[in-house]
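# Sequence first, then the predicted structure:
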Amino acid sequence: EQLGPVFIKFGQLLSTRRDLVPIDIADELAKLQDDVSPFPGEIATAIVEAALEQPIAEAFRNFDSSPLASASVAQVHSATLHGGEEVVVKVVRPGIEKVIQDDIALLMTLANLLENSFSDARRLHLPQVVLDYKQTIQGELDMLKEADNTAQLRTHFAGSELLYVPRVHWQWCRNNVLVLERIYGIPVSEVAELKARGVNMRLLAQRGVETFFTQVFVNNFFHADMHPGR
């Protein structure tokens with residue numbers, strides 16, 4: 001966490017590879033998926049108010065300043081619209097752009113150092129890898145892009161029994177604020193809870209594979225960050 005969002009993302013990735021790291025370490029790294037130390041709720045409230053250009057009470061009937069979950073680039077708060085719909089509000093961390101720029105600069109320095117020092121490292125094209133990652137993580141900071149991707153995925157699976165995608169509340173979305181319909185479920189990583197609820201684990205696995213392959217081979221548009229989380 002102290003190293004910043006780029007390294008948190010790496011930890012999230014490692015947490016899903018229990019074939020590579022010991023289980024106890026994977027369990028700790030899994031906390032990076034949605035249990036990173038949050039920033040203060042009053043700051044989140046101020047960010048939302050500034051983005052929407054109105055007091056929080058005018059935008060939402062209720063807004064919980066205590067986050068539901070917190071990850072590398074944003075945290076999520078529960079809220080209720082004045083029409084009664086339950087929503088979640090994703091708020092980008094303040095000052096995150098500068099932190100990411102510094103992290104990327106450090107990674108680029110290390111990549112160039114390795115490439116210049118070890119001939120074997122040149123095969124890996126490390127500076128290009130860092131540039132690719134820079135483009136990816138900068139895209140994750142744009143909540144309007146995430147809203148558009150969510151809406152497109154929802155359209156692809158409209159009426160499907162495989163996947164339900166929450167509705168985007170466009171009126172309240174900005175480049176640093178995303179508002180989605182709130183839905184409830186059990187993270188796929190909570191196997192004991194799923195079994196206690198009588199979930200057919202074989203069928204769940206089959207549907208998971210079918211969902212992903214449908215995205216890739218039918219729609220040519222897929223969710224590429226499917227780690228379990230709240």
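Yes, it's here. Because the structure is a prediction, the values reported are computed rather than measured.

# for the protein, what spans make up the helices?
Taking DSSP state H as the test, the helices found in the chain are 5-15, 23-30, 41-52, 56-59, 96-117, 126-140, 143-156, 191-196, 201-213.

# want to throw those into TSV with mean neighbour count, mean pLDDT and distance to Pro166?
C-beta coordinates here come from the backbone N, C-alpha and C atoms, glycine included. Output for the helices of the chain, formatted as TSV (neighbours: other C-beta atoms under 10 Å; pLDDT from 0 to 100; distance: least, C-beta to C-beta, whole Å):
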stretch	mean neighbour count	mean pLDDT	distance to Pro166
helix 5-15	19	76	21
helix 23-30	14	86	23
helix 41-52	17	97	18
helix 56-59	15	97	18
helix 96-117	15	89	23
helix 126-140	15	86	18
helix 143-156	17	96	7
helix 191-196	11	94	20
helix 201-213	12	95	15
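
# mind putting the ones you listed in a markdown table, distance to Leu81 included?
What follows is the helices of the chain, written out as a markdown table (distance: least, C-beta to C-beta, whole Å):
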| stretch | distance to Leu81 |
| --- | --- |
| helix 5-15 | 29 |
| helix 23-30 | 32 |
| helix 41-52 | 12 |
| helix 56-59 | 8 |
| helix 96-117 | 26 |
| helix 126-140 | 25 |
| helix 143-156 | 16 |
| helix 191-196 | 29 |
| helix 201-213 | 29 |
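
# quick one: which of those helices is nearest Asn219?
Proximity to Asn219, assessed across the helices of the chain by C-beta to C-beta, is greatest for helix 143-156 (4.8 Å).

# Give me the contact list for stretch 78-87.
60-64, 68, 88-89, 169, 172, 179-182 (C-beta atoms under 8 Å, 6 or more residues apart in numbering).

# try 6 Å
When contacts are defined by C-beta atoms under 6 Å, 6 or more residues apart in numbering, stretch 78-87 is touched by residues 60-64, 68, 88-89, 179, 182.

# Grab the two from these that are most spread out in space.
Longest distance between any two of the contacts of stretch 78-87 is 17.1 Å, between Arg61 and Leu68; criterion C-beta to C-beta.

# So for these two, which residue has more residues nearby?
Leu68 (16 against 12; other C-beta atoms under 10 Å).

# per-residue confidence at the more buried one?
The confidence metric pLDDT takes the value 93 at Leu68.

# do the same with the one 4 residues further on
We note a pLDDT of 80 for Ser72 in this prediction.

# Thought Val6 was touching it, still the case?
No. If you go by C-beta atoms under 6 Å, Ser72 and Val6 don't touch, sitting 8.0 Å apart.

# Am I right that Pro166 is in contact with Val179?
No. Between Pro166 and Val179 there is no contact under C-beta under 6 Å: 9.9 Å.
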